[in-house]
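Colleague: Quick one: sequence plus predicted model below, questions after.
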Amino acid sequence: MRSDALTRTFSALADPTRRAMLARLSSGSASVQELAKPFKMSLPAISKHLKVLEKSGLITRGREAQWRPCRLESKPLKEAADWMEQCRREGEAHFDRLDQYLKELQKP
């Protein structure tokens, strides 16, 4: 089964460790070691989380000499937020119509 970008984004965001890593990256680039520091897990486990984030397009990893900085990529987050906003607007429109219908039913 093929996975679209939005599905990959939400799948990556489903894990609290990955969300914490993204929160850390929102303040600037960080090395793998810096990202791993707050977690009680092995570096291979951290690397797996980073691969999921990278595959989803939420981060990019660069190379600067011995350092491999990770950077947050905002485009997938914006696309997810835009999709959720559209769903919210449509949901509110449905509830507004339902509210109007219920008011019509209550009129004598």
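Modeller: Yep, it's here.

Colleague: Please report how far the residue of the chain positioned farthest from its centre lies from L102.
Modeller: The C-alpha centroid of the chain is most remote from P108, which lies 49.3 Å away (Cα atoms, centre = their mean). Plainly put, P108 is 14 Å away from L102 if you go by Cβ to Cβ, to the nearest Å. To be clear about C-beta, it is placed using only N, CA and C from the backbone, and glycine gets the same treatment.

Colleague: quick one: low-confidence parts of the chain?
Modeller: 1-3 (pLDDT under 70).

Colleague: Start from the N-terminal end of this protein and give the strands.
Modeller: 59-61, 70-72 (DSSP state E).

Colleague: since we're on L102, how many residues are nearby?
Modeller: Per other Cβ atoms under 10 Å, the neighbour tally for L102 reads 9.

Colleague: Give the burial count for G91, as a bare number.
Modeller: 10.

Colleague: Now for I59: which residues touch it?
Modeller: Contact analysis of I59 by Cβ atoms under 8 Å, 6 or more residues apart in numbering lists M21, L22, L25, L50, L53, C70, R71, L72, E73.

Colleague: May I have the beta-bridge partners of it?
Modeller: L72 (DSSP bridges).

Colleague: State the distance from it to Q33.
Modeller: I59 is 15 Å from Q33, by Cβ to Cβ.

Colleague: Could you do S47 as well?
Modeller: As defined by Cβ to Cβ, S47 lies at a distance of 11 Å from Q33.

Colleague: for D96, same thing?
Modeller: D96 is 51 Å from Q33, by Cβ to Cβ.

Colleague: likewise P44?
Modeller: Taken as Cβ to Cβ, the span from P44 to Q33 is 13 Å.

Colleague: between those two, who's got more neighbours?
Modeller: Using other Cβ under 10 Å, the more surrounded residue of P44 and Q33 is Q33, with 11 against 7.
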